[in-house]
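A.B. asks: Sequence and predicted model, in that order:
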Amino acid sequence: MASSARGITAMDKDRSDSLAQMHLVKILRAYILQMVTEVPGYKALLLDKDTMRVSSTQFGRTELAEHNVVQIERLDSNDSKEHLELKAVCFLRPTRENVTMLKRELREPRYQSYHLYFTNLVSQMHIQDLAEADAAKEQVQQMQEFYGDFVALDVHHFMVPVPCNEVLINPRAAAAFGASEFEAVDRLVQGLSALFLALRRRPVIRYQRTSDAAKRLAEGLYTLTYKQQPGVFDFGSRSSPVVLLLDRTDDPLTPLLTQWTYQAMIHELIGIRDNRAVLTSSKVAEQYREVVVDPASDDFYKRHLYSNYGEVGLSVKELVDKFSTASAQHKQLNSLEDMRRFVLEHSDFSRAQSNVTKHVNIVTQLSEEVSRHNLMDVSTLEQDLANPASALNAAGAYEDIMAMLQGKAVSNKDRVRLVMLYALRFEGEAGRFSGLLDALAQAGVKAANPQLYAAAEDMPRYGGQDRRSGDLYGGGNILLKAKNVFKGLQGVDNVYTQHQPLLVETLRLLAANDLNPAAYSYAATTQVC
């Protein structure tokens, strides 16, 4: 084994700026760019299932090909063929399974050389195992730790890929998925520790006191960063950010409400995974169904991430009108100069056409979903249930929900959400809540989807007042409802319902150093005065 290095190597000015801004997208891109540029010549990128997601959210194959990456494969499902003309750049999590597969690879190397980049701290035992496996042929040229054990979705959001994260929400899922809450918490500790190593900061750790899972996560993160590896996480005078670990039980209300901003609607009604969505509308041609929804590469999407439904509809119409004008101009090729200009502008024209098609198709499917599931009426009732200032009482809400449960256009998921919202808003109405559960069963929800029915049944135990630290219904101004139907665009009815999650107030208190430590505790001695 030629060399081994721990920590973040010298980065250029962009990397320094990224660290100062805590810009996770730029940090991950810098990691991957350094891997593929510092290894000269043609190369293959060897990944595992998690680093495949980390890489694919930052780079497409075309961009990687510009850095002479001509092959991308999974370590656990490779083609078993020799590629001695290529150098292997291995970007892997330092797990026992990956090290075992890598040892097998090194004993019978398929590539000219190996350059190992691990996403987290590598144990001395794993280093020794790899050195022994490489001793005979000495194909490993370097080994470094590049802390990319998380997926950066955009500037504001990241995630840790936790297999079967349902166990953190529903203990019943542990038996179904063969996983435990402890495994999920351990994976989160690994991901968060890599995050702070990438940022070169050791965090102040706070957690929701009423959550056992949040407490275990805080204790695990504290043990690793302050006790087991204090030197690795000691970055001198760098400021310490606060990591606040919350359980969904602190605000079970927000995810139960229908969302009306562009990104949130795509995520809820279509589904976004690693900045990709798959459209299912019969009006969308097969070749246009898989789309990339990434603000880094789509200016329209970036501008309208948080725009409401109607605004997006109007903006898409403007986009189509603008493209139609440009298209008409391109058809007027009356001279050699016109043709030359068309050839020069053709790539931009094609990209514009692709982007227009994508957003028209997305809005088309969103419109279908809103109409098919009667979401405007459902959302109105949801907001009344969520708003403590509304005039709705327990008896009136019960009758309104009963009528909605019997509606044929309402989906089972939306029926269950309404019952859950009732359970949260009127927690003391056990009799009426039981009646709503009976109505769900009569509507066929229990037979069609027992797990969905069980989720409604468990809501008081999961998200009741004794499980929450925050004041979910504490003020009449927490939720405001606004309904605005734009008639300028045929076929798109826009309802804009504004809901301010409890998290907004929690973060305001945290920033002002007024967040109650009795409700949101500090992990051991991490409190900063």
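C.D. replies: Structure's in. What do you need?
A.B. asks: Just give the closest residue to residue 249, not the sequence neighbours.
C.D. replies: Once flanking residues are discounted, residue 249 sits nearest to residue 467: 4.4 Å by CB to CB, 6 or more residues apart in numbering. Every residue, glycine included, has its C-beta placed from N, CA and C.
A.B. asks: and the one you found, how far is that from residue 351?
C.D. replies: As judged by CB to CB, to the nearest Å, residue 467 and residue 351 stand 49 Å apart.
A.B. asks: out of these two, which sits in the more crowded spot?
C.D. replies: Each of residue 467 and residue 351 has its neighbours counted (other CB atoms under 10 Å); residue 467 has more, 17 against 12.
A.B. asks: The more buried one contacts residue 208, correct?
C.D. replies: No. Counting by CB atoms under 8 Å, residue 467 does not reach residue 208; the two are 9.5 Å apart.
A.B. asks: okay, and the common contacts of these two?
C.D. replies: Common neighbours of residue 467 and residue 208, using CB atoms under 8 Å, 6 or more residues apart in numbering, are residue 249.
A.B. asks: and the residue nearest the centre of the chain, what does it touch?
C.D. replies: Nearest to the geometric centre of the chain sits residue 159, at 5.1 Å (CA atoms, centre = their mean). Counting by CB under 8 Å, 6+ apart, residue 159 touches 150, 151, 153.
A.B. asks: Those in strands, which ones?
C.D. replies: residue 151 (DSSP state E).
A.B. asks: Looking at the contacts of residue 159, state which has the most neighbours.
C.D. replies: residue 150 (25 neighbours).
A.B. asks: So which bits of stretch 267-286 are buried?
C.D. replies: With burial defined by 16 or more other CB atoms under 10 Å, the residues of stretch 267-286 counted as buried are 268, 269, 270, 272, 275, 277, 279, 281, 284.
A.B. asks: The residue nearest to residue 249: what's it in contact with?
C.D. replies: Contacts of residue 467 (CB under 8 Å, 6+ apart): 210, 211, 249, 461.
A.B. asks: Okay, it and residue 521: tell me how far apart.
C.D. replies: In terms of CB to CB, residue 467 sits 16 Å off from residue 521.
A.B. asks: do residue 160 as well
C.D. replies: With CB to CB as the criterion, residue 160 and residue 521 are 22 Å apart.
A.B. asks: Name the surrounding residues that touch stretch 231-238.
C.D. replies: 6, 7, 121, 193, 196, 197, 200, 201, 202, 224, 225, 226.
A.B. asks: Skip the chain neighbours and tell me the closest residue to the fourth one.
C.D. replies: Across the structure, with CB to CB, 6+ apart as the measure, the residue nearest residue 193 apart from its sequence neighbours is residue 224 (5.4 Å).
A.B. asks: Neighbours of the one you found, how many?
C.D. replies: 19.
A.B. asks: Residue 421 and residue 256 touch, don't they?
C.D. replies: Yes. Using CB under 8 Å, residue 421 is in contact with residue 256, at 5.5 Å.
A.B. asks: Residue 22 is in contact with residue 241, correct?
C.D. replies: Yes. Counting by CB under 8 Å, residue 241 touches residue 22, with 7.3 Å between them.
A.B. asks: anything in contact with each of these two?
C.D. replies: Common contacts of residue 241 and residue 22 (CB under 8 Å, 6+ apart): residue 199.
A.B. asks: and the closest residue to residue 449 other than its chain neighbours, what is it in contact with?
C.D. replies: Closest residue in space to residue 449, ignoring its immediate chain neighbours: residue 412 at 6.0 Å, by CB to CB, 6+ apart. Contacts for residue 412 (CB under 8 Å, 6+ apart) come out as 443, 444, 445, 448, 449, 452.
A.B. asks: Next up, the contacts around the fourth one.
C.D. replies: For residue 448, the contacting residues are residue 412, taking CB under 8 Å, 6+ apart as the criterion.
A.B. asks: got a list of what residue 319 touches?
C.D. replies: Residues near residue 319 by CB under 8 Å, 6+ apart: 300, 355, 356, 359.
A.B. asks: By neighbour count, which of these wins?
C.D. replies: residue 359 (21 neighbours).
A.B. asks: Could you check how sure the model is about whatever helix or strand that residue lives in, as an average pLDDT?
C.D. replies: Secondary structure assignment for residue 359, by DSSP states H and E: helix 336-372. Mean pLDDT, helix 336-372: 75.
A.B. asks: Could you do stretch 233-245 as well?
C.D. replies: The average of the pLDDT scores along stretch 233-245 is 90.
A.B. asks: Give the buried residues for that stretch.
C.D. replies: For stretch 233-245, a neighbour-count test (16+ other CB under 10 Å) marks 233, 243, 244, 245 as buried.
A.B. asks: So the closest residue to residue 429 other than its chain neighbours versus residue 150, what's the distance?
C.D. replies: Leaving aside its sequence neighbours, residue 429 sits nearest to residue 394 (CB to CB, 6+ apart; 4.9 Å). Applying CB to CB, the value for residue 394 to residue 150 is 43 Å.
A.B. asks: cool, and residue 378?
C.D. replies: Here residue 378 is placed at a distance of 35 Å from residue 150 (CB to CB).
A.B. asks: just residue 265 next, same as before
C.D. replies: In this view, residue 265 and residue 150 are 25 Å apart by CB to CB.
A.B. asks: got it, and residue 357?
C.D. replies: 32 Å.
A.B. asks: Same question for residue 436.
C.D. replies: Taken as CB to CB, the span from residue 436 to residue 150 is 40 Å.
A.B. asks: Any idea how many residues pack against residue 462?
C.D. replies: 19.
A.B. asks: Leaving out sequence neighbours, find the closest residue to it.
C.D. replies: residue 249 (6.3 Å).
A.B. asks: My guess is that neighbour contacts residue 465. True?
C.D. replies: No. Here residue 249 lies out of contact with residue 465, judged by CB under 8 Å, at a distance of 10.4 Å.
A.B. asks: So those two - more neighbours on which side?
C.D. replies: A count of neighbours by other CB under 10 Å puts residue 249 above the other of residue 249 and residue 465, at 21 against 13.
A.B. asks: who's in contact with the more buried one?
C.D. replies: Taking CB under 8 Å, 6+ apart, one finds 208, 210, 211, 462, 463, 467, 468 in contact with residue 249.
A.B. asks: Looking at the residues you listed, which are in helices?
C.D. replies: 462, 463 (DSSP state H).
A.B. asks: Report the distance from the helix or strand that contains residue 188 to the chain centre.
C.D. replies: Assessed by DSSP H and E, residue 188 sits inside helix 181-199. Helix 181-199 has its C-alpha centroid displaced from the chain centroid by 15 Å (CA atoms, centre = their mean, to the nearest Å).
A.B. asks: Show me the contact partners of that helix.
C.D. replies: Taking CB under 8 Å, 6+ apart as the rule, helix 181-199 contacts 8, 19, 22, 24, 27-28, 31, 119-121, 145, 147-150, 158, 160-165, 167-168, 171, 174, 202-203, 213, 216-217, 220-221, 224-225, 232-233, 241, 243.
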